[in-house]
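Undergrad: Could you work out the structure for the sequence below:
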Amino acid sequence: MPPAAEHTQQHQPAGVPPLSLTGERTLPDVPAENYWYRRHLAVYEWIAARCAGLEVVDLACGEGYGSEVLARRAALVTGVDANPEAHEHARLRYGRPGLRFVRELVETYDQLCDAAIFLQTIEHVQDPEGLLHHIRSLLRPGGTAYVSTPNLLTLAPSGAEKSDNPWHVREYRAEEFRALCESAFERVELLGLFHARKLRLHELAIERGWDSLHPRVGATKAFYDRFVPAISARDFALRPRPLERALDFVAVLR
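TA: Here you go, the predicted model:
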């Protein structure tokens, strides 16, 4: 059965095949997915500001939107992904000077770089420690890796060891993710991604009973049909604590 239209990218440029949600990666141009797309975009934009003039590799780049964001500041960005549909989409949609896409497994990609980006993917990996060592081997002296993953404590139900996402092999608490990163890198800085602005106000409203109110007054669909598309990357913020309440962890590794 083909994916529902609401789960497929809308308004793609001529000649660019749209992608559909599978649960394995997020996508732009899918209105119902906007929260997750902006959540990931916020981290890409934060990293891009730290990559000006550098040669960067975006490992497991998926649809390619993050590689394009990085390329606005970096000297050269290589987006690496093994999925043929994602690779073809990214190559056709995001062609620009200083940006290229390579179809290859992240485990075998071997070109040196100044910064390696690996976002929201290590939870999919069977040998995360081995892959982190491989990522370290890609860095030139003085290089930096940026690795992110969801926080088990805010993604999974309370007390569960994992969410119901079938693509995730393992999800991490802050101390577990730090230990994993320290197995391959000498210097580990761990930050958390949190709601800000309108999303923080929404959190406060939920704490005060909003989720019990909107169904009773029949406002659920009307409210969220407007609220979700209005979410932007500015509605998320990175800070060092409290990590146990973070949505995602972002590790800066050297």
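Undergrad: Tell me the pLDDT of Met1.
TA: Looking at Met1, its pLDDT reads 36.
Undergrad: Likewise for Ala5?
TA: You'll see Ala5 listed with a pLDDT of 69.
Undergrad: do the same with Val217
TA: Turning to Val217, the model gives it a pLDDT of 89.
Undergrad: What distance do you get for Arg50 to Leu247?
TA: Look at Arg50 and Leu247: by Cβ to Cβ, to the nearest Å, they are 20 Å apart. Quick note: C-beta positions are derived from backbone N, CA and C, even for glycine.
Undergrad: For the two, work out which one has more neighbours and name it.
TA: Taking other Cβ atoms under 10 Å, Arg50 and Leu247 do not tie; Leu247 has more neighbours (16 against 13).
Undergrad: In contact with that one, which residues are there?
TA: Counting by Cβ atoms under 8 Å, 6 or more residues apart in numbering, Leu247 makes contact with Arg39, Pro150, Asn151, Thr154, Leu155, Gly192, Leu193, Phe194, His195, Phe236.
Undergrad: any idea how far the fourth one lies from Glu186?
TA: This points to Thr154. Distance, Thr154 to Glu186, using Cβ to Cβ: 28 Å.
Undergrad: And these two? Which one has more around it.
TA: Taking neighbours as other Cβ under 10 Å, Thr154 and Glu186 compare with Thr154 leading, 14 against 8.
Undergrad: Isn't the more buried one up against Pro242?
TA: No: counting by Cβ atoms under 8 Å, Thr154 sits too far from Pro242 to count as a contact (11.2 Å).
Undergrad: Could you say which helix or strand holds His133?
TA: According to DSSP states H and E, His133 maps onto helix 128-138.
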